[in-house]
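> Sharing a sequence plus its predicted fold:
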Amino acid sequence: MQTEGNELLISAASAWEIATKVRIGRFPEAETLERNLMEFATAAGYRFLAISFENALRSGRLAGDHADPFDRMMAAQALDLDIEIISNDTKLDQFGVRRVW
């Protein structure tokens, strides 16, 4: 849900991660979310954030030991767009992102 003055983005990396984890059985409770993610995100007012070629390069080049490719991509997008990322993962801090939560 958006608050006044803030635009909420949902990264294609989030959709990729949810779909992957549902498919391999690591997130079975999210099957309904995965199946309806675009509709849920649209109804909540989120804007979809595609993965660019530049995002991919930056993600791969980020120094640090955080191995999760989805988190690395979202960090790269946040850095490329100079935006905050909503996550409770303190490992993202090593990339210099502005993290909320």
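Arrived safely, thanks for sending.

> Low-confidence ranges, the protein, go.
The chain contains residues with pLDDT under 70 at 1-3.

> which stretches of this protein form helices?
With helices called from DSSP state H, the chain shows them at 12-23, 31-35, 37-43, 53-61, 69-81.

> Just tell me which of those helices ends up closest to Arg99.
Closest approach to Arg99 among the helices of the chain is made by helix 69-81 (8.4 Å; CB to CB). All C-beta atoms are positioned from the backbone trio N, CA, C, and that covers glycine.

> Give me the angle between the closest one and helix 12-23.
For helix 69-81 against helix 12-23, the angle by axes from the mean of the first three to the mean of the last three CA atoms, to 10 degrees is 170 degrees.

> what's in contact with helix 69-81?
Contacts to helix 69-81, defined as CB atoms under 8 Å, 6 or more residues apart in numbering, come from residues 11, 13-14, 16-17, 49, 51-52, 54-56, 58-60, 62, 66, 83-85, 87, 89, 91-92, 95-98.

> Got a PyMOL select line for the buried ones in these?
With 16 or more other CB atoms under 10 Å as the burial test, the buried ones among the contacts of helix 69-81 are selected in PyMOL as follows:
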select buried, resi 11+13+14+17+49+51+55+58+59+62+66+85+87+92+95+97
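
> rewinding a little: CSV please, covering the helices of the chain and showing distance to Gly5.
Output for the helices of the chain, formatted as CSV (distance: least, CB to CB, whole Å):
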stretch, distance to Gly5
helix 12-23, 22
helix 31-35, 27
helix 37-43, 20
helix 53-61, 25
helix 69-81, 17
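
> Would you mind finding the most buried of the ones you listed?
Comparing the helices of the chain by mean neighbour count (mean count of other CB atoms under 10 Å), helix 69-81 ranks first with a mean of 21.
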